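> prediction below, plus the sequence it came from.
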Amino acid sequence: MHVLLTVAFPIFALVGIGWIAGRRRLLGPHGTVALNGFVGWFALPAMLFSAVANVSLSDVFNGPFVAVFGGSMLLTYVAGMIAARLVSRARLAQMSLFGLAASFGNVGYMGIPLCVTAFGPEGALPGTLAAILGAAVMLTFGLILVEIDVQHGQGPLAARGRVLRAVLRSPIVQAVTLGAIVSALQIALPEPIMRFLDMLGAAAAPCALFAIGLFLSDKGLGTARLEVGLASIGKVLLQPLIALALVPFFLDLGTMWGKAAVLCAALPTAANAFVVAKEYDTFVEGASGTILVSTVASVATVSALLVLLRVG
């Protein structure tokens, strides 16, 4: 019970008050866009930059963690693609978007705050690595498959260029890259700059969680209930189970990295899945519904894992 009160409650309470604010329209019609913009372009990049710049790169890029978390994400993505094909005879684009909804967790907005709350400041390291794997690897791979289908045989070259530009424009990728450069070159930034980044980064966790609640307040299940159910099961149940199965081969479950790998695998679907689906006008209701259902379900599953893993 103590771990639920000290770790899980603050996380989901912030999501909850964001949902209430959204339902009551307390921040106006553009509140979600403005807060998401602040978190995505300023607060979260500042947190990630500081987390990477202040440590050795060997401490961030943990191979066994990549094997466990990345492996669970990839296997769940493939399972989602297969499910989409079997259930609705989906084309490659919808299969890929279904796979992303089932495997692409909300690490940036929820996972990093969760890891920091559970493990202290050093918890930002596995959270950052998980965010990199999701945004720079899994999302990129999924978009390439979508583009290949959308272009109807015109070749993957245009897709690669478009995806590469999108990845390079990502403030998360830019922040992590700059932080890695500072760390590799052992550059000592002036104290006023570091204090500024620390203040800005400290706003990332509460604002990101509040923004999730705002986003969910306008979402419904739509008509794709079967697809939503399968994708949600894949995200909050299958992926963490795969991670638990992989941990003994690569990590010690008693360490921060082992626990973080399982917790990050259990996170609900990221809002990026809906953004991408909306851009291609494919699996839009399914992605939106999966975000809603998986987030609500994660209240129970993440809380249960926190107790099981004895976090906090």
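All right, it came through fine.
> return the distance of the closest residue to residue 271 other than its chain neighbours relative to residue 278.
Ranked by CB to CB, 6 or more residues apart in numbering and with sequence neighbours excluded, the top spatial neighbour of residue 271 is residue 215, at 5.6 Å. The C-beta positions use only the backbone N, C-alpha and C, and glycine is treated the same way. Noted for residue 215: a distance of 12 Å to residue 278, by CB to CB, to the nearest Å.
> neighbour-wise, which of these two wins?
For residue 215 against residue 278, the residue with the higher neighbour count under other CB atoms under 10 Å is residue 215, and the figures read 23 against 13.
> flag the shaky bits of the stretch 101-250 of the chain, pLDDT-wise.
When residues are selected by pLDDT under 70, those of the stretch 101-250 of the chain lie in 136, 151-168, 219-223.
> could you pull out the helices for it?
Taking DSSP state H, counting those that start in this stretch as the criterion, the stretch 101-250 of the chain contains helices spanning 112-119, 124-132, 139-150, 156-169, 171-185, 191-202, 204-216, 225-233, 239-250.
> to residue 261, which of these lies closest?
With CB to CB, the closest approach to residue 261 among the helices of the stretch 101-250 of the chain belongs to helix 239-250: 5.6 Å.
> picking that back up, got the helices of the stretch 101-250 of the chain as CSV, with distance to residue 46 columns?
Conversion of these to CSV gives the following (distance: least, CB to CB, whole Å):
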stretch, distance to residue 46
helix 112-119, 12
helix 124-132, 12
helix 139-150, 21
helix 156-169, 17
helix 171-185, 7
helix 191-202, 4
helix 204-216, 7
helix 225-233, 32
helix 239-250, 29
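> coming back round to it: OK, contacts around the residue nearest to residue 271?
22, 32, 36, 271, 291 (CB atoms under 8 Å, 6 or more residues apart in numbering).
> PyMOL command for the buried members of the residues you listed?
Here the buried members of these are turned into a PyMOL selection, burial being counted by 16 or more other CB atoms under 10 Å:
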select buried, resi 22+32+36+271+291
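> turn the contacts of residue 215 into TSV, columns for pLDDT, secondary structure and distance to residue 48.
Rendered in TSV, the data for the contacts of residue 215 read as follows (pLDDT from 0 to 100; DSSP: H, G, I helix; E, B strand; the rest coil; distance: CB to CB, whole Å):
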residue	pLDDT	secondary structure	distance to residue 48
22	88	helix	26
32	77	helix	22
36	78	helix	16
271	76	helix	17
291	85	helix	22
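> could the contacts of residue 215 go into TSV alongside distance to residue 307?
As requested, the contacts of residue 215 are arranged in TSV below (distance: CB to CB, whole Å):
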residue	distance to residue 307
22	29
32	32
36	31
271	27
291	25
